[in-house]
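K.L.:
Take a look and give me a structure for this.
(chains A and B)
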Number of protein chains: 2
Amino acid sequence: MKIINFDHFAATKMRPEVKDAMERFFIEEYGNPQSIHALGDEPREALSKARLQAGELLNASSGEVIFTSCGSESNNLALKGTALARMDKGRHLVVSKIEHFSILNALKSLARLGFEFTEVPVDKYGSVDPADVKAALRKDTVLVSVTHASNEIGTIEDIKEISRVVHENSLAYVHTDANASCGFIETDVKDLGVDMLSAAPHRFYGPKGTGLFYLKKGVRIMPLIDGGIQEFGRRAGTENVPAIVGAGVACEIAKRELKERTAHLKPIQSEIIRGVLGGLDEVYLNGHPENRVPNNLNFVVRYIEGEGMLMWLNNNGIMVASGSACTSKILKSSHVLNAIGVDPALAQGSLLITLGEDNTLEDARYFADRLPGVVKKLREMSPLYEEAKRRGEGL
Amino acid sequence: MKIINFDHFAATKMRPEVKDAMERFFIEEYGNPQSIHALGDEPREALSKARLQAGELLNASSGEVIFTSCGSESNNLALKGTALARMDKGRHLVVSKIEHFSILNALKSLARLGFEFTEVPVDKYGSVDPADVKAALRKDTVLVSVTHASNEIGTIEDIKEISRVVHENSLAYVHTDANASCGFIETDVKDLGVDMLSAAPHRFYGPKGTGLFYLKKGVRIMPLIDGGIQEFGRRAGTENVPAIVGAGVACEIAKRELKERTAHLKPIQSEIIRGVLGGLDEVYLNGHPENRVPNNLNFVVRYIEGEGMLMWLNNNGIMVASGSACTSKILKSSHVLNAIGVDPALAQGSLLITLGEDNTLEDARYFADRLPGVVKKLREMSPLYEEAKRRGEGL
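P.N.:
Numbers count the residues shown, from 1 in each chain, chains lettered A, B, ... in the order given. Below is the predicted model:
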């Protein structure tokens, strides 16, 4: 059976050169980078190199790069670290309605401690209007956090303008969750104008076990993981040297191949959109039609149970996901699809595709060829479809 | 030059069989364990297996094992997670004076949020008296956290009795930091009677990048890293599958070899104590003379600058540390040595040895043979020594 992986949401296949670079630091150079003796020398130098590589991808200095364990940790560090550090300034945060759960649930934890937050709405494409962010600012707002690109529907937000508006009208810091964008589109922190940025190298062919966190020079946050002096005192714990080394190489490759990646993925993305929308009725693309990351596709297929579609596709070698991969087992309606106005009943029929470097145009055609047959079969079995036909809804 | 690594404090050489088990999950089986499709199957099963292996080492069920990214994260999760979950019960925590920085600094962060804590003293050996813990309990105490064995001076605490006293006299949970003991002595959570326990597989020949956290069934804490549903909703973020698999194997090996490890390390530890105390005057062993983990040695050498001693040893191929490895670059007096009554001026001449499986009796003798010469030379250069001689102090 042909296997097509259209689910690179949280896991991508590590590049051989990433693995090669890590190899030396598992057993041979196992020392602790904080050691004052020679066993720490090579691991310490390797960390410095990785920090430079990550800095170059983000257009930051290496002193502004903190390695965490994952994208979720970076997001939690941004929110909780800022909230805790700036309590004297205020206790209000602003986010968008379509943030990842590591942002939204971190806010819920902060709310238990008396912090308040405002969720800014998005339009039908999932775009945040910077004017809405401005309107949400209060005198006690300490942080604004808006995703760089939606994990789920791929829409790229105008972080540059959001940063400008926030900095012009408040003392709040700006954080952006770039876990779904970094490694695929430009994430230049200076151009974006952000104070903090989170990214996840394991989503762009790096190893699991590291997250990137950009912290602009002079911006003060408290650690999420308190303890030793690692990572400039901002993230304690013995450094995961092999994974950090691998993350550095993944960043270097990403910087070099950024344009190629878009050039490779965009036509595949377009082919899938063309094939799916052309081959089926009552199917909609979620997210912005053009202003989206090149590796994301999200469809709502009306009048079917989404679970059945996923099962059939997955059983037939086409790996796809539904909604946020972090909660893919909870088949409840996605807060992101709710926010862009998708009827919760329809959101059940959503299909999340995240492309990777192994995908081809042929994969796109193979998928677009097979989907209509599956959907047709499922609709024939669906009470929703029967009912809609009876009502004479636009079928 | 002969190289002897006597600094296994934070970093140990990974076992080849640990690496071998990880290998498959870097590139071949790179899927996200949360996937609903087949690419997640093998990674998911591998996580389950690792959880069983870790549970067996701790005498816990696999549903009570949470994988974090490091020992410091586990300690922070215990303190902050409990504090945040139990605010309705109270805002007071009890710890010992000799806890790791990931405990003490987490408390400082909690103090910013209005939590209070009591530090229980230790005796000259670093032992906590359970009666002192009992005396520190308040009606609003929500957690007691005492290290299982001191990171720095090796003393094993009577956690079993501390747990009994705390549970008998309060509703507080008990956490123990077993980062310095797990993998070297028994860490049976049922025997210890604890509600939570932290451990670090990379300290016992497992990979960097994972920590263990035992959370007793029914004990409620809030996540430190909020987000998705991973790790029973207690630790979000895409799982670091290779490292977790490696951690599981390290746990399995530790369980099998626990007795052998003590049998191997104890004679080396004794030989170093005998050699150092016998070959030098004005040298003291810190920590309990017998009731200590088999891999730890901590000496105070009077009348020298400790930095010089470390430099000489390290330059001569004998890798040792001073004080806590997490802050080894900050050559300030250790809070642990202060707590056991070591004069801050003398604490500068401290020597921390952490043994590993590659160390031999021959290493012990080689070290004990060379140390007196170095110390003699350093003392000849030391103003402290000159002054003591003038005062006729016991030399």
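K.L.:
Quick one: residues contacting the residue lying closest to A:Ser163 once chain neighbours are set aside.
P.N.:
In this structure, A:Ser163 finds its nearest non-sequential neighbour in A:Gly193, 3.4 Å apart by Cβ to Cβ, 6 or more residues apart in numbering or on different chains. For glycine as for every other residue, the C-beta is placed from the backbone atoms N, C-alpha and C. By Cβ atoms under 8 Å, 6 or more residues apart in numbering or on different chains, the contact set of A:Gly193 is A:Ile159, A:Lys160, A:Ser163, A:Arg164, A:His167, A:Val174.
K.L.:
How about A:Val18?
P.N.:
By Cβ under 8 Å, 6+ apart, the neighbours of A:Val18 are A:Tyr205, A:Gly206, A:Pro207, A:Gly246, A:Val249, A:Ala250, A:Ile253.
K.L.:
Tell me which residues of whichever helix or strand it is part of come out buried.
P.N.:
For A:Val18, the element it lies in under DSSP states H and E is helix A:16-23. Neighbour-count burial for helix A:16-23 flags A:Val18, A:Lys19, A:Ala21, A:Met22, A:Glu23 (criterion: 16 or more other Cβ atoms under 10 Å in any protein chain shown).
K.L.:
Ok, stretch A:240-258 next?
P.N.:
A:240-255, A:257-258.
K.L.:
what does stretch A:301-321 give?
P.N.:
Result for stretch A:301-321 [16+ other Cβ under 10 Å]: buried residues A:301-306, A:308-310, A:312-314, A:318-321.
K.L.:
for stretch A:23-40, same thing?
P.N.:
Buried-residue list, stretch A:23-40, by 16+ other Cβ under 10 Å: A:23-27, A:29-37, A:39-40.
K.L.:
among the residues you listed, which are in helices?
P.N.:
A:Glu23 (DSSP state H).
K.L.:
Which ones among the buried residues of stretch A:301-321 also lie next to chain B?
P.N.:
Restricting these to those near chain B by Cβ under 8 Å from any Cβ of the partner chain leaves A:Leu310, A:Asn314, A:Met319, A:Val320, A:Ala321.
K.L.:
Pull up the gap between the closest residue to the fourth one other than its chain neighbours and A:Leu352, please.
P.N.:
Same thing as A:Val320. Excluding the flanking residues, the one nearest A:Val320 by Cβ to Cβ, 6+ apart is A:Phe6, at 4.9 Å. According to Cβ to Cβ, to the nearest Å, A:Phe6 and A:Leu352 sit 9 Å apart.
K.L.:
Tell me where the stretch 1-150 of chain A has helices.
P.N.:
Ranges of helices in the stretch 1-150 of chain A, per DSSP state H, counting those that start in this stretch, are A:16-23, A:41-58, A:71-85, A:101-112, A:130-136.
K.L.:
So which of those helices is nearest B:Val276?
P.N.:
Of all those, helix A:41-58 sits nearest to B:Val276, with 26.8 Å by Cβ to Cβ.
K.L.:
got the buried residues for that closest one?
P.N.:
A:42-44, A:46-47, A:49-51, A:53-58.
K.L.:
Next, format those residues as CSV and append pLDDT and distance to A:Asn76.
P.N.:
CSV is the format used below for the buried residues of helix A:41-58 (pLDDT from 0 to 100; distance: Cβ to Cβ, whole Å):
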residue, pLDDT, distance to A:Asn76
A:Glu42, 97, 31
A:Pro43, 97, 26
A:Arg44, 97, 27
A:Ala46, 98, 26
A:Leu47, 98, 22
A:Lys49, 98, 27
A:Ala50, 98, 22
A:Arg51, 98, 21
A:Gln53, 98, 24
A:Ala54, 98, 19
A:Gly55, 98, 22
A:Glu56, 98, 25
A:Leu57, 98, 22
A:Leu58, 98, 19
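K.L.:
Turn those into JSON lines, including distance to A:Ile229.
P.N.:
As requested, the buried residues of helix A:41-58 are exported to JSON lines (distance: Cβ to Cβ, whole Å):
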{"residue": "A:Glu42", "distance to A:Ile229": "20"}
{"residue": "A:Pro43", "distance to A:Ile229": "15"}
{"residue": "A:Arg44", "distance to A:Ile229": "13"}
{"residue": "A:Ala46", "distance to A:Ile229": "18"}
{"residue": "A:Leu47", "distance to A:Ile229": "13"}
{"residue": "A:Lys49", "distance to A:Ile229": "20"}
{"residue": "A:Ala50", "distance to A:Ile229": "18"}
{"residue": "A:Arg51", "distance to A:Ile229": "15"}
{"residue": "A:Gln53", "distance to A:Ile229": "22"}
{"residue": "A:Ala54", "distance to A:Ile229": "20"}
{"residue": "A:Gly55", "distance to A:Ile229": "20"}
{"residue": "A:Glu56", "distance to A:Ile229": "25"}
{"residue": "A:Leu57", "distance to A:Ile229": "25"}
{"residue": "A:Leu58", "distance to A:Ile229": "23"}
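K.L.:
Which of those residues sits closest to B:Phe117?
P.N.:
The nearest member of these to B:Phe117, counting by Cβ to Cβ, is A:Leu47 at 32.8 Å.
K.L.:
ok and the lengthiest helix in chain A relative to helix B:241-279, angle-wise?
P.N.:
The longest helix of chain A (DSSP H) is helix A:241-279. Relative orientation of helix A:241-279 and helix B:241-279, computed by axes from the mean of the first three to the mean of the last three Cα atoms, to 10 degrees: 170 degrees.
K.L.:
which strands and helices sit next to the following helix or strand past helix A:241-279?
P.N.:
Once helix A:241-279 ends, the next helix or strand along the chain (criterion: DSSP H and E) is strand A:283-285. Packing partners of strand A:283-285 (3 or more Cβ pairs under 8 Å, 6 or more residues apart in numbering or on different chains; DSSP states H and E): helix A:241-279, strand A:296-301.
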